[in-house]
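A.B. asks: Kindly generate the corresponding structure for this input.
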Amino acid sequence: MKSVVSAEQQSAKAGERIENGDKDKKKKRRGSRRSKNASGCVIEDIHVESSDGGSKAKDCTRSDLDNNPNELARASNVAFNSMPYSSGSPLVPSAEVSKQLLSKSCPDPRDCEQSSRMDADLFQQVECVSQRNIFSSHWSLDAVNEALEKGEVYKALFRVNAHNRSEAYCKIDGVPTDILINGNAGQNRAVEGDIVAVKLDPLSLWPKMKGFVTENVAKPEETNSPPENDERVSHLERGEIDAQQNRCSVIGQVAENCVSRNSTPLLESCSLGDQKGNGTAVEKQCVILSSFPNKRPTGQVVAVVEKSLVRDSIVGLLDVKRWIHYKEANARTSKSLSDDDYIQLMPADPRFTKLIVPFHALPGGIRARLESMDPTLEAELVAAQIVDWSEGSQFPLAQITHMFGRGSELEPQINAILYQNSVCDSEFSHDSLASLPRAPWEVPEEEVQRRKDLRDLCVFTIDPSTATDLDDALSVQSLPGGFLRVGVHIADVSYFVLPDTALDTEAQFRSTSVYMLRRKIPMLPPSLSDNVGSLNPGVDRLAFSIFLDLNREGVVTDRWIGRTVIKSCCKLSYDHAQDIIDEKHDVAANSWPALHGPFEWSDVVRSIKQLSEISTNLRQKRFRNGALQLENSKPSFLFDEHGVPYDFVLYPTKASNHLVEEFMLLANMTAAEVISRAYPDSALLRRHPEPNLRKLKEFEGFCAKHGMELDSSSSGRFHESLEKITETLKDDAVFVDILNNYAMKPMQSASYFCTGNLEDCVAEWGHYALAVPLYTHFTSPLRRYPDIVVHRAVAAALEAEECFLKQKQISVRSCFTGVHFDKDAVESMEGKEALSVAGLKHGVSSTERVSEIAAYCNERKLASRRVKDACDKLYTWCVFPCEARVMNLGPMFMTIYISKLGIERRIYYDRIEGLCADWLEATSTLILDKLEFKRGGRGYLKPLKEVAYLVSPSDTCAAKCSAMSVTDSTERREEVVPAVFPLTVQVFSTIPVALHAVGGDDGPLDIGARLYMTSYYR
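C.D. replies: Purely as a prediction, here's the structure:
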C-alpha cells in the first residue's frame, strides 16, 4: 500500500529529477532565448485615433470542464471560460454574470478522458519525503496587514523580466524606482501578475543602479545586463536593448551587485522597518532614493496577497521526448510506471517557470498517447493551471485544462493566444442582443425633438478604408471675424448601452475591441458597432457633439456640448483626405465614395482644407506648450491573392492622420475638463506619468556618445531636442527611426484612473506626453468601454446643468460644461442635488466602482496589445529578406535594428560549426568567414543554418527574374541583395538579414533573424 504524503514532498522529488535531467538541454535553451531582444514602448495616447484595438475577456468559471468533468474541451471550438486577468482590483463582472454571458457553447469532446481523481487531494500519492524547504513560508494575511500599517512591507504588482526570469520588479505607488526582486528565493513562488507583499532589503545591500551616471550628461559604458521587464510594447515585440556580455555596447552601464562600503549608521537608521504608516514609509523611501540615486532598491516577497488569474491559463508544450526517454529507461530496468510519475510542461511565456504535471492527473487521452509513446503529442499546445506550489517544491504542480491542437498550425495558435490573454470571441448573448433595435432602424421622432438637429450640416467621417465602426465625424463652419466653429461628433453609444443591462454587462466584460492582423473581435455586437451605432453616411444617427469656436491662433473662445442628430454626407478614407490636402481631389480619378444630401464635393473639399489649416495651428501650439510627439511608422503585411504574406511595408503618419488626431485630442481634453469639474470624486480620466529616470539617462548617454545634444528636463524640451537631432539626421531615415525607437524606451504606459483615488495628488492627474493637466477617452465608444463611462458622466452633467438653470431661472447658456465654469454653482446645494439626481439617472458610479472599472480596463487594454503582437508573429512563417542596422557588436553576438518592423534582434555567432568569428577589439570590428573544414575541440557547436540563411547565387538570380516578371497590379518586394563571406561588420553597419518564424511545435512563437548570405558551399 502506497504511503500518503503531502504535495510538497511529491513536487520536491519532481523538482530534483527535473534539475538532474536538465543539464543536457541548457545550451539549446540558451540558444532559443538569444533572439528575443526587442524594441521599446509605444505611447499609445499619442496617436489617439489609430486602429489599435483593445481586448476582451473570458470567464474563468471553467464551465466547459465543470459541465462535463469526464472530458477535456478543445479550446478552439468552445467559448473560453476563464475569468479575465486582473492586476489587483476586483473584477468588474461577477463570476455568475460571466458564466451566463459566455457559457453558451457546448464543448467538443477530446479523445481523452479526464481522470476521476481531479479533486482537492489530487496530488497526495507520492513515494518520497522532502528533506528541506526551498522557499520561506508566506506570511499570514493578518501579519501582512499589520506590517503594511507599520510601513514595514509594501503591496505591489509583481512583474517578471521576460529575458531573465530570475529578475522580477515590483512597482510601489509613489516610489519612482521599481523594486528589484532577484533570484527564485527572493521571488518566493510569486508569478507574473500576482499582488505581493514586499519587504525591502537594508540600504547597504542595494546594488548599484544600472545605467546610473554621475555627470549632467550621461556617459554610456559597456553593459550586457538583462533589461528591466516592462509592459510597454513596440509594433511586434517587447523588451530592452541592453546586451549581455558584449564589449562594444551602445547604451547602458554595468550593474554591480555589491554591498556598499560607505554605509554608515545614519544610512542604516533609514531602515523602512522603523517607519510608521505606509504614507510615511513611501515618503522616506523617496527621500532615500533621491539621496542615493545610484542605488537600486531590492526586496523579498513575503506573501502573495492576491493570486493572478493568469495562473489558470498558462499555455505551453509537454516535454514528451524526456518522458519517452524516461519510459525507455524504466523498460530496461523492468520498472513499471505509476501514478506518482510526472511529465514536464514548458510554458510558451518565458516569464513562467516550468510546471510539473503528475501522471495520474493527466486526462485519459493524453495518458494513453504517452503510454503508446506518441511523439506527435509534443507538438500539441495545451493550457494548464497551477494547483499548488509549496515551500519544498522548486516547481509548481499543475493540471491540464485545455488542448488547442498543433503548435505549427495557425488556428490553434490564435486560440491559445486568446485563451492565454483571457480574450473570448464567442457570440454575444441572447439577452444582450435582445435590447438592440432591429434593422432597418430609424431615429424615433420623440428623440429627434429632445436633441439638436444637425442633419442639414455638412458632416463627414475620416477613417481607415477598411473601417466599419465609425465612431467620429467632423464639421466646420465659418463665423464672423475670421472665427471657425469646428464640430466633433461622436457616436452616442450610451443611448443604446444603458447602465446595468445585459448589454452593458457584456460590454464592460469585454472592455475593448481586439484588432488582429486579419480579424477583429468587437466589444459590442456588430449590429450596433457597424450599423445602428456607427456614423454611416446617408442615414440619421445619434451623436454627442462638441462645437468649438476657435480663432486664427487655435484658441478656443467658446464651446457647446450636447446630444444631437446628424447625417454624414460621406465616408472618407485617410487617403481621400490626404489627396484633398495635397490638391489631388479628382473625384473620378481617385474613386471617391458616394456623396449624400444637398452637398457638393466643393463643400467637402473646402471643409477639409479649413480643418487641415486649423489642425496644423493646433498641433504647433500643442508642441509649443510642451507636448511630446514620437513619430514611428507602422509596419503592415502585404498578402497575395491566396492570403500568403510576401513582404512588409511601412505606413508613415500623414497630415490627414494629424488632422483627425488634433480634434479628437481636443474633444477628449474637453470631456475630461467637464466630468472632473462636475464629478470630482468619480471621474474616469487617463494619466501618463513621467519617463523612467534611469532609462532616460541611458538615452541621454546614447545621444551624448554620438554627438547629439538632448535636453530631457521637460516633455517640451525633450521634443525640441529630438526635432533638432532629427533635422540633423534627415538624410538618414533609418537612424531617425532608431532614435525614435530608443526615445520610447523610457516612456511609461498611460493608464485609466478614478479622480477620487488621487484627490490629494491632483498633480499626478496630468498627461506627460500631451503636456495637459486633464485627459480622458471620449471619442471611441464603439470600441472602448471607458468612453461609454465618460459619455454617461457628460450626459449627467448636461442634464444637471439644464435643471439647475431652470430652477435658478438663469439665462446663461452653460455654467457646468461651458468655457466659463461657475464653481460656485456646482458647489451650491442646488447644484449638488442636480448633479446627484442626474448622476443616478445616467449611471455615474461611485469612486470604488470607477476605480474597479479603471483597473480592469487597464489590464484589458494591455491584453489586447499582447494579442496583437503575438498574432502578428503568426504571419512570419515565410522568410523575409530585409536590411538591418547593427546597433551593438561584440565577440559573441550582435544586436540589430530592423526598421521595417521597428524591432531589435540578436544574432549569435559564437561556437558555430563552419563559421569563424574574428573580433578586433582595437577597432570594434567583426569579421565573419566561412570555414570549409570541421572545427575541432570539445563542446556543442550549433549548425551554420542557425545563424545564416544561405542561398546560392543561382537561386538569387532566379528570384530576381521572378520579381521582374511580377505584374504591375502587384506591389513588388523591395530587392535585398545577400551578403558574401567574408563579412566585415562595425557598429551602425547595414547588413542583409532574413526574418522568419521560430517556435510553434517546439517552443514559443517569435520572430527570428539570421544573416542573409550567399555562397556556393552550403
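A.B. asks: From now on I want contacts and neighbour counts done on CA atoms only, so please keep to that.
C.D. replies: Will do.
A.B. asks: contacting residues for the closest residue in space to residue 538 that isn't next to it in sequence?
C.D. replies: Spatially, and ignoring its direct neighbours in sequence, residue 538 is nearest to residue 596 (5.4 Å; C-alpha to C-alpha, 6 or more residues apart in numbering). Going by C-alpha atoms under 8 Å, 6 or more residues apart in numbering, residue 596 touches 537-538, 568-570.
A.B. asks: tell me the two of those that are most distant?
C.D. replies: Using C-alpha to C-alpha, the contacts of residue 596 span at most 7.3 Å, a distance reached by 538 and 570.
A.B. asks: Give me the next element, helix or strand, following the strand ranked longest in the chain.
C.D. replies: Secondary structure of the chain per DSSP state E: the longest strand is strand 556-573. Next along the chain after strand 556-573, taking DSSP states H and E as the criterion, comes helix 574-581.
A.B. asks: for that following helix, packing partners?
C.D. replies: On a contact count with 3 or more C-alpha pairs under 8 Å, 6 or more residues apart in numbering; DSSP states H and E, helix 574-581 meets strand 459-463, helix 601-624, helix 655-678.
A.B. asks: can we see that at 6 Å?
C.D. replies: helix 655-678 (3 or more C-alpha pairs under 6 Å, 6 or more residues apart in numbering; DSSP states H and E).
A.B. asks: The helix or strand just after the helix it packs on: how far from the chain's middle?
C.D. replies: Sequence-wise, the next helix or strand downstream of helix 655-678 (DSSP H and E) is strand 684-687. Taking C-alpha atoms, centre = their mean, to the nearest Å, one finds strand 684-687 lying 18 Å from the centre of the chain it belongs to.
A.B. asks: Strand 684-687 packs against which elements?
C.D. replies: Counting by 3+ C-alpha pairs under 6 Å, 6+ apart, strand 684-687 packs on strand 751-754.
A.B. asks: The strand it packs on: which residues count as buried?
C.D. replies: Burial within strand 751-754, assessed by neighbour count using 16 or more other C-alpha atoms under 10 Å, is assigned to 751-754.
A.B. asks: That one pairs with which strands?
C.D. replies: strand 684-687 (antiparallel) (DSSP bridges).
A.B. asks: how distant is the helix or strand just after the strand it pairs with from the center of its chain?
C.D. replies: Using DSSP H and E, the helix or strand that follows strand 684-687 towards the C-terminus is helix 693-705. How far helix 693-705 lies from its chain's middle: 24 Å, per C-alpha atoms, centre = their mean.
A.B. asks: What's the mean pLDDT across helix 693-705?
C.D. replies: For helix 693-705, mean pLDDT rounds to 84.
A.B. asks: what does the helix or strand following that helix rub up against?
C.D. replies: The helix or strand immediately downstream of helix 693-705 is helix 715-728, counting by DSSP H and E. With contact meaning C-alpha atoms under 6 Å, 6 or more residues apart in numbering, helix 715-728 is reached by 626-628, 710-712.
A.B. asks: what's around the residue nearest to residue 465 when sequence neighbours are not counted, how many residues?
C.D. replies: Computed as C-alpha to C-alpha, 6+ apart, the closest residue to residue 465 that is not its neighbour in sequence is residue 573, at 4.9 Å. Number of residues near residue 573 (other C-alpha atoms under 10 Å) recorded here: 19.
A.B. asks: Contacts only, for residue 573.
C.D. replies: Counted by C-alpha under 6 Å, 6+ apart, residue 573 has contacts 462-465.
A.B. asks: Return the member of these nearest to residue 182.
C.D. replies: Set against residue 182, the nearest of those by C-alpha to C-alpha is residue 464 (45.7 Å).
A.B. asks: Could you check how far that closest one is from residue 975?
C.D. replies: 28 Å (C-alpha to C-alpha, to the nearest Å).
A.B. asks: Over to residue 391?
C.D. replies: Counting by C-alpha to C-alpha - residue 391 and residue 975 are separated by 57 Å.
A.B. asks: returning to that earlier point: pick the one among the contacts of helix 715-728 closest to residue 1012.
C.D. replies: Distance to residue 1012, by C-alpha to C-alpha, is smallest for residue 710 among those, at 35.4 Å.
A.B. asks: Mind jotting down where the strands sit in the stretch 901-1018 of the chain?
C.D. replies: Remark: strands assigned in the stretch 901-1018 of the chain by DSSP state E, counting those that start in this stretch are 903-908, 915-920, 925-930, 948-951, 979-980, 983-986, 990-998, 1006-1014.
A.B. asks: So residue 464 and residue 975 - more neighbours on which side?
C.D. replies: Counted by other C-alpha under 10 Å, residue 464 and residue 975 do not tie: residue 464 has more neighbours, with 18 against 12.
A.B. asks: returning to that earlier point: for the residue nearest to residue 465, name its beta-bridge partners.
C.D. replies: Assigned bridge partners for residue 573, using DSSP bridges, are residue 463.
A.B. asks: max-length helix in the chain?
C.D. replies: Scanning the chain for the longest helix, with DSSP state H as the assignment, gives helix 847-873.
A.B. asks: What is that helix packed up against?
C.D. replies: Contact here means 3+ C-alpha pairs under 6 Å, 6+ apart; on that basis helix 847-873 packs against strand 751-754.
A.B. asks: from the chain's centre, how far out does the strand it packs on sit?
C.D. replies: 16 Å.
A.B. asks: right, and the helix or strand after it?
C.D. replies: Where DSSP H and E defines the elements, the next helix or strand beyond strand 751-754 is helix 785-808.
A.B. asks: hey, C-alpha coordinates of that next one in PDB?
C.D. replies: Output in PDB follows, covering the C-alpha atoms of helix 785-808 (Å, rounded to 0.1, in the frame of the first residue of the first chain):
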ATOM      1  CA  TYR A 785     -15.800  50.800 -22.600                       C
ATOM      2  CA  PRO A 786     -14.200  53.700 -20.700                       C
ATOM      3  CA  ASP A 787     -15.600  56.100 -23.400                       C
ATOM      4  CA  ILE A 788     -19.100  54.900 -22.600                       C
ATOM      5  CA  VAL A 789     -18.500  55.600 -18.900                       C
ATOM      6  CA  VAL A 790     -17.300  59.100 -19.800                       C
ATOM      7  CA  HIS A 791     -20.300  59.700 -22.100                       C
ATOM      8  CA  ARG A 792     -22.600  58.900 -19.200                       C
ATOM      9  CA  ALA A 793     -20.900  61.400 -17.000                       C
ATOM     10  CA  VAL A 794     -21.000  64.100 -19.700                       C
ATOM     11  CA  ALA A 795     -24.800  63.300 -20.200                       C
ATOM     12  CA  ALA A 796     -25.400  63.700 -16.500                       C
ATOM     13  CA  ALA A 797     -23.500  67.000 -16.300                       C
ATOM     14  CA  LEU A 798     -25.600  68.300 -19.200                       C
ATOM     15  CA  GLU A 799     -28.900  67.300 -17.600                       C
ATOM     16  CA  ALA A 800     -27.900  68.700 -14.200                       C
ATOM     17  CA  GLU A 801     -26.900  71.900 -15.800                       C
ATOM     18  CA  GLU A 802     -30.200  72.300 -17.600                       C
ATOM     19  CA  CYS A 803     -32.200  71.500 -14.400                       C
ATOM     20  CA  PHE A 804     -30.100  74.000 -12.400                       C
ATOM     21  CA  LEU A 805     -30.500  76.800 -14.900                       C
ATOM     22  CA  LYS A 806     -34.300  76.200 -15.000                       C
ATOM     23  CA  GLN A 807     -34.500  76.100 -11.200                       C
ATOM     24  CA  LYS A 808     -32.500  79.300 -10.800                       C
END
